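> Give the three-dimensional model of this entry:
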Amino acid sequence: MAVRPLEDRVLIKQSQAEQTTAGGIVLPDTAKEKPQQGKVVAVGPGKVLDDGTRAKMSVKKGDKILYGKYSGTEIKIDGDDHVILRESDVLGIIQK
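Down below sits the predicted model:
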């Protein structure tokens with residue numbers, strides 16, 4: 001299945017949740033916290049401005065980003081967890 005975001009939305013593949021704590025304790029599935037970072041899979045064309053032009057998107061396919069904890073809508077695509085959210089919900093791009 002292919003999903004193409006509209007307007008200023010971004011499709012993100014979520015990073016995997018941590019399996020163990022820093023001290024080495026293995027976490028059960030119920031105690032794992034959902035990650036707040038992921039990789040951009042697809043980007044919409046941008047928001048239409050009042051003058052009819054499109055705003056340029058700040059993120060691009062392949063960027064690793066941070067996003068708000070309760071941002072966006074979670075969806076499953078081919079068994080993988082994804083989030084679709086507005087560009088304004090992106091908190092930052094992780095630099096390598």
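> center of the chain, which residue is that?
The chain has residue 12 as the residue nearest its centroid, 3.3 Å off, counting by Cα atoms, centre = their mean.
> check which helix or strand covers that residue.
Using DSSP states H and E, residue 12 falls within strand 9-14.
> ok, then the element right after that strand?
Next along from strand 9-14, by DSSP H and E: strand 37-43.
> so what does that next one touch, helix or strand wise?
Helices and strands touching strand 37-43, by 3 or more Cβ pairs under 8 Å, 6 or more residues apart in numbering; DSSP states H and E, are strand 9-14, strand 64-67, strand 80-86. Where C-beta positions appear, they are placed from N, C-alpha and C, glycine not excepted.
> Just say which of these is most tucked in.
strand 9-14 (a mean of 22; mean count of other Cβ atoms under 10 Å).
> What pairs with that strand, parallel or antiparallel?
Using DSSP bridges, the strands paired with strand 9-14 are strand 37-43 (antiparallel), strand 80-86 (antiparallel).
> outside of the first one, which residues touch it?
Read it as strand 37-43. 3-5, 10-15, 57, 59-67, 82-83, 94 (Cβ atoms under 8 Å, 6 or more residues apart in numbering).
> What residues of it count as buried?
For strand 37-43, a neighbour-count test (16 or more other Cβ atoms under 10 Å) marks 38, 40-43 as buried.
> Need phi/psi at residue 89.
Per-residue torsions, residue 89: phi -80, psi -10 (degrees, to the nearest 10).
> roughly how far apart are the residue lying closest to residue 48 once chain neighbours are set aside and residue 43?
Using Cβ to Cβ, 6 or more residues apart in numbering and skipping the chain neighbours, the partner closest in space to residue 48 is residue 54 (5.8 Å). Separation of residue 54 from residue 43 (Cβ to Cβ, to the nearest Å): 12 Å.
> tell me which of the buried residues of strand 37-43 is nearest to residue 72?
Comparing the buried residues of strand 37-43 against residue 72 with Cβ to Cβ places residue 38 closest, at 10.0 Å.
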